[in-house]
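1. Fold the stuff below for me.
(one chain, ligands or ions: 1)
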Amino acid sequence: MTASVRRYSPADPGPDLFEQEAGVLQAARALYVADDADAERYRAALGDLTLHFERLMRETRRLIARSDRAEREMNALNQQLQTLTQQLEYRATHDALTGVLNRGAVIDQAGQALRRNGGAMIVLDIDHFKRINDEFGHPAGDRVIQAIARCLQELVQAPAIVGRVGGEEFTVLLPTLARDEALTMTERLRQRIAQEATGPAPVTASFGLSLNPPGTEFELAYGLADAALYRAKRGGRNQVVLAD
Ligand SMILES: Nc1nc2c(ncn2[C@@H]2O[C@H](COP(=O)(O)OP(=O)(O)OP(=O)(O)O)[C@@H](O)[C@H]2O)c(=O)[nH]1
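-> Modelled structure (predicted):
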């Protein structure tokens, strides 16, 4: 039985794949109803039927094995595709150096959360980071950025959002509008970084914080927190400033 590849058309069903088997079956049927058949013809017909029946079984087993193999391959390819899609999605939304959300993703996700529920936006920037790069080299600077991200991830849990918006600047969106709660959390982050983000030299960061009602656009929340961050830098760094 050869299963050649061809287009199906209802008007033209194509050649009968079981032509030989149909012929043998037809001859056996004719013999069955004949009243003058002798044992020799019966034996010959039975032989033909056996031969073709065995061939059909062989071919069917082969086709089933082939289709099982094709199904397994397809499942494996589907699995690979899913893994690749997830990897691609992760890479498109996460910062390669730190693993937190990248700029595009944080703007997108924090923007949606702000519009829906509002929240406390923190913008933080590593203090005198240029010196670390200049004195200890760019790779040492990168390790400091990674250590800061780890501090943030350890303290900030979902549904809060952590992202790296720029070189040595991070954004955190806390799902709260409570002034004291937001200030306490931001202060904890500041302290944790000052205590634990150990690099080749002491590391601190400055923080700006804005409280934003539902419906606030990302740019506004960010702009307010960034202005507060500027004041924290001007005020001596390593401190938290709440936006007016
Ligand atoms: N290692 C490393 N350095 C970066 C990266 N992105 C930005 N930088 C560096 O970050 C430094 C930022 O320096 P500045 O904006 O002058 O600020 P600063 O030295 O942190 O000083 P203040 O913010 O005023 O406290 C520059 O030297 C940039 O080259 C990065 O991905 N890796």
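2. and the protein, which residues reach the ligand?
-> Counting by C-beta under 6 Å from any ligand atom, the residues of the chain close to the ligand are 125-130, 133, 138, 141-142, 145, 167-168, 233, 237. Heads up, the C-betas are built off the backbone N, CA and C, glycines and all.
3. quick one: which of those sit in helices?
-> Among these, the ones falling in helices (DSSP state H) are Phe129, Lys130, Asn133, His138, Gly141, Asp142, Ile145, Lys233.
4. Looking at these, spot the one nearest Asp68.
-> Asp142 (49.7 Å; C-beta to C-beta).
5. Show me the protein divided up by domain.
-> 19-90, 103-242 (automatic domain parsing).
6. Rebuild the ones you listed as a markdown table, extending it with distance to Asp12 and mean neighbour count.
-> Shown next, in a markdown table, are the domains of the chain (distance: least, C-beta to C-beta, whole Å; neighbours: other C-beta atoms under 10 Å):
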| stretch | distance to Asp12 | mean neighbour count |
| --- | --- | --- |
| domain 19-90 | 16 | 11 |
| domain 103-242 | 54 | 18 |
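7. Just send those back as TSV, with mean pLDDT and distance to Ala11 too.
-> Conversion of those to TSV gives the following (pLDDT from 0 to 100; distance: least, C-beta to C-beta, whole Å):
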stretch	mean pLDDT	distance to Ala11
domain 19-90	93	20
domain 103-242	95	53
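8. can you put those domains in JSON lines and add distance to Ala96?
-> JSON lines is the format used below for the domains of the chain (distance: least, C-beta to C-beta, whole Å):
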{"stretch": "domain 19-90", "distance to Ala96": "10"}
{"stretch": "domain 103-242", "distance to Ala96": "10"}
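9. residue ranges of the helices in this protein, please?
-> For the chain, the helices defined by DSSP H cover 19-33, 39-93, 103-117, 129-136, 138-155, 179-196, 218-234.
10. Residues touching the third one, excluding its own?
-> Right, the one you point to is helix 103-117. When contacts are defined by C-beta atoms under 8 Å, 6 or more residues apart in numbering, helix 103-117 is touched by residues 92-95, 100-101, 119, 121, 159, 161-166, 171, 173, 175, 212, 214-218, 221.
11. Would you confirm that Gln239 contacts Ser206?
-> Yes. Gln239 is in contact with Ser206 according to C-beta atoms under 8 Å; the separation is 6.3 Å.
12. For these two, list the residues in contact with both.
-> Ala232.
13. which residue is nearest the middle of this structure?
-> Gln86 (2.5 Å; C-alpha atoms, centre = their mean).
14. Could you pull up the residues touching Gly119?
-> Here Gly119 is in contact with Ala110, Ala113, Leu173, Leu174, Pro175, Thr176, Leu177, Asn212, Ala221 (C-beta under 8 Å, 6+ apart).
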